[in-house]
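> sequence plus predicted model, see below.
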Amino acid sequence: MSKQLLLLPLILLVFLSFNCVKQPQLETVMIHSAGIGCSHCEDNIKKAIYALEGVKEVNVDVEKKNIEVKFVPVQTNLQTIEITLTRAGYDANDKKRDPEAYENLDECCKHG
Ligand SMILES: [Cu+2]
């Protein structure tokens, strides 16, 4: 058997194991929350969402009141993230904030 023929399965094996450790495909969602008003809101939101399993990245646009979340789809989903936001005192798309959580926010974060 030639050397080349022996090398082929080895190359295939390396290639396959590379595919196995490949990062899972992330899903990106955009959530609108009218309650975002200052950088303190940004901290609150990041803290709450990063606590969820599978969340890889959270970006808050305070001016546009948008939250971009990147996550592993098998570990969490949009609905879970939205509910987490409402429990932190913030509206999330069409879901209304938890009034009690809102009352517990710092005064600077109560934007009506
Ligand atoms: Cu705030």
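Okay, I see it.

> lowest confidence element among the helices and strands of this structure?
None of the helices or strands of the chain scores lower by mean pLDDT, DSSP states H and E than helix 3-20, at a mean of 73.

> which strands and helices sit next to the following helix or strand past that helix?
As assigned by DSSP states H and E, the chain's next helix or strand after helix 3-20 is strand 27-32. Where contact means 3 or more CB pairs under 8 Å, 6 or more residues apart in numbering; DSSP states H and E, strand 27-32 is packed against strand 66-71, helix 78-87. All C-beta atoms are positioned from the backbone trio N, CA, C, and that covers glycine.

> buried stuff in the longest one?
Applying a neighbour-count criterion of 16 or more other CB atoms under 10 Å, the buried positions in helix 78-87 are 78, 80-82, 84-86.

> ok, now stretch 38-46?
Neighbour counts over stretch 38-46 (16+ other CB under 10 Å) mark 41-42, 44-46 as buried.

> these: which ones sit near the ion?
By CB under 5 Å from the ion, the members of the buried residues of stretch 38-46 lying near the ion are Cys41.

> okay, the buried residues of stretch 38-46 in JSON lines with distance to Phe71 and pLDDT next?
As requested, the buried residues of stretch 38-46 are exported to JSON lines (distance: CB to CB, whole Å; pLDDT from 0 to 100):
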{"residue": "Cys41", "distance to Phe71": "20", "pLDDT": "97"}
{"residue": "Glu42", "distance to Phe71": "18", "pLDDT": "97"}
{"residue": "Asn44", "distance to Phe71": "19", "pLDDT": "97"}
{"residue": "Ile45", "distance to Phe71": "14", "pLDDT": "98"}
{"residue": "Lys46", "distance to Phe71": "14", "pLDDT": "98"}
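
> next step: the buried residues of stretch 38-46 restricted to helices.
The helices, defined by DSSP state H, take in 41-42, 44-46 from these.
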